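J.: Sharing a sequence plus its predicted fold:
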Amino acid sequence: DRCSTTTSPSPVKASFGRAAGLLEDLSSQRTKRLVYEWTAGSELTGYGAARRSSRVLADERARQVVEVPEESLLLPPPDLVASRRVSPRFAGQLSPLGEGSKKLPQALIIGVKKGGTRALLEFLRVHPDIRAVGAEPHFFDRNYDNGLEWYRELMPKTLEGQITMEKTPSYFVTREAPARISAMSRDTKLIVVVRDPVTRAISDYTQTLSKKPDIPSFESLTFKNRTTGLIDTSWSAIQIGIYAKHLDNWLQYFPMDQILFVSGERLISDPAGELGRVQDFLGLKRIITDKHFYFNQTKGFPCLKKAEGSSKPHCLGKTKGRTHPNIDPEVVQRLRDFYRPFNMKFYQMTGRFFGWDD
Ligand SMILES: Nc1ncnc2c1ncn2[C@@H]1O[C@H](COP(=O)(O)OS(=O)(=O)O)[C@@H](OP(=O)(O)O)[C@H]1O
């Protein structure tokens, strides 16, 4: 099993020996090749619409991409929620007759920021036994004072056996979040999408840059002192990637087998494979399979052949899959050296080798 969910910590060397050969293809260059192979593979196997897949068709699909504007993912103000005038868009999908009841989530995507959390949630929503909030509620960090009833009211209605979910990537780095989630329910299942911390930091910076074009360069924000090479670990773009440290905090409240780690890289190179693991973890039938995805050449990412509640192909919006600025390779290398010991610790803790360190 390439994506072993072994929970007992294994010695780092052993993890390497066992997994290095299997997962070495996660290095960035090889990921590109994998993505290509995966695309070619889907065209060869030719299921559904992909049977006719060609460059022309891919371009046609690219034009049909359904963009989800970011504003529509913003939460409504609390008074709107209280008076129940929340549009179904915010409250998630209603069941056909509007029956069911709003329940607190049984599973959460808690992080990491820029890891691929939106992609995972959008893919999971295809499952008939999953209902999810579209917006990020930020309940366990910013909105905790609104109370659990406010939170529950945001949730879509679900029927018996359906799982309610939401995603807020900042939970993973919020000190109080584990205790608060545990107080809601000790049985909450937690999912963390992790990505190479260096690319994650650059992705985070790229997002900030898109909103504030005047900020200093990535290189200058990285260092406290460029001459001594001292890294500014207080910069959130760097801090968030120290996964082992944040995970420690969660393990004070949740056992390891209640947390699933999804590889952000594999979510791109093999979405169906990662979705298979997630469905198993949630105790659901594996309904989302490779038949649900196609690789959109223009977007450069896997997309859904049919979005939830629609018959149209669906890629994530323009804010997902941004072009990153070129970063000084020396700075990238310095960051790789900085993260290496934390990554080793993280592989050891999770029992999974993510292949971020060459
Ligand atoms: N299928 C698909 N389509 C588009 N983008 C995808 C997909 N799968 C993963 N990704 C990666 O998701 C990155 C954004 O991560 P998040 O959704 O977690 O970001 S956020 O924290 O909610 O802002 C985003 O990061 P950037 O490439 O840096 O923009 C993508 O690389």
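T.: Good, I have the coordinates.
J.: Give me the outermost residue of this structure relative to its centroid.
T.: For the chain, the residue at maximal distance from the C-alpha centroid (Cα atoms, centre = their mean) is T227, at 35.3 Å.
J.: separation between the residue nearest the centre of the chain and Y171?
T.: For the chain, the residue nearest the mean C-alpha position is T117 (2.2 Å; Cα atoms, centre = their mean). Distance from T117 to Y171, counting by Cβ to Cβ, to the nearest Å: 10 Å. Quick note: C-beta positions are derived from backbone N, CA and C, even for glycine.
J.: repeat for F261
T.: From F261 across to Y171, the span is 15 Å (Cβ to Cβ).
J.: Spit out the residues that contact T117 and Y171 alike.
T.: Overlap of the contact sets of T117 and Y171 (by Cβ atoms under 8 Å, 6 or more residues apart in numbering) consists of G111.
J.: Other residues contacting whichever strand or helix holds G276?
T.: Element membership of G276, judged by DSSP states H and E, is helix 271-281. Here helix 271-281 makes contact (Cβ under 8 Å, 6+ apart) with 2-3, 5, 119-120, 123-124, 127, 189, 191, 260, 262-263, 266-267, 285-290, 292-293, 302.
J.: Are whichever helix or strand comes after that helix and the ligand in contact anywhere?
T.: Next in sequence after helix 271-281, counting helices and strands by DSSP H and E, comes strand 293-296. No - remark: strand 293-296 sits outside contact range of the ligand, by Cβ under 6 Å from any ligand atom, the gap being at least 8.4 Å.
J.: mind saving the C-alpha coords of strand 293-296 as PDB?
T.: Written as PDB, here are the backbone C-alpha positions of strand 293-296 (Å, rounded to 0.1, in the frame of the first residue of the first chain):
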ATOM      1  CA  PHE A 293     -12.000  13.300 -12.700                       C
ATOM      2  CA  TYR A 294     -10.400  14.500 -15.800                       C
ATOM      3  CA  PHE A 295      -7.200  16.400 -16.100                       C
ATOM      4  CA  ASN A 296      -7.800  19.900 -17.500                       C
END
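J.: Which strands or helices does the following helix or strand past it pack on?
T.: Later in the chain than strand 293-296, the nearest helix or strand by DSSP H and E is strand 301-304. On a contact count with 3 or more Cβ pairs under 8 Å, 6 or more residues apart in numbering; DSSP states H and E, strand 301-304 meets helix 117-124, strand 293-296.
J.: I'd like the distance from the helix holding G276 to the chain centre, please.
T.: A distance of 13 Å separates the centroid of the chain from that of helix 271-281, by Cα atoms, centre = their mean, to the nearest Å.
J.: wait, does it contact the ligand?
T.: No - using Cβ under 6 Å from any ligand atom, helix 271-281 stays clear of the ligand, with a minimum separation of 6.7 Å.
J.: Next, the angle from that helix to helix 117-124.
T.: 70 degrees (axes from the mean of the first three to the mean of the last three Cα atoms, to 10 degrees).
J.: Wait, the residue nearest to the centre of the chain touches V193, no?
T.: Yes - under the criterion of Cβ atoms under 8 Å, T117 makes contact with V193 at 5.2 Å.
J.: Export only the CA atoms of stretch 263-271, formatted as PDB.
T.: Extracted as PDB, the C-alpha positions of stretch 263-271 are listed here (Å, rounded to 0.1, in the frame of the first residue of the first chain):
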ATOM      1  CA  SER A 263      -0.800  14.400   0.500                       C
ATOM      2  CA  GLY A 264      -1.500  17.700  -1.300                       C
ATOM      3  CA  GLU A 265       0.900  16.600  -4.000                       C
ATOM      4  CA  ARG A 266      -1.000  13.300  -4.600                       C
ATOM      5  CA  LEU A 267      -4.300  15.100  -4.500                       C
ATOM      6  CA  ILE A 268      -3.100  16.600  -7.700                       C
ATOM      7  CA  SER A 269      -1.300  13.600  -9.300                       C
ATOM      8  CA  ASP A 270      -3.800  11.000  -8.100                       C
ATOM      9  CA  PRO A 271      -7.000  12.600  -6.800                       C
END
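J.: tell me the mean pLDDT for it?
T.: What stretch 263-271 shows for mean pLDDT is 98.
J.: Next: stretch 245-256.
T.: On average, stretch 245-256 scores 98.
J.: list the contacts for V126?
T.: Contacts of V126 by Cβ under 8 Å, 6+ apart are I287, I288, H292, L304, K306, A307, E308.
J.: Need the max-distance pair from those residues.
T.: Farthest-apart pair in the contacts of V126 is I287 and A307; separation 15.1 Å (Cβ to Cβ).
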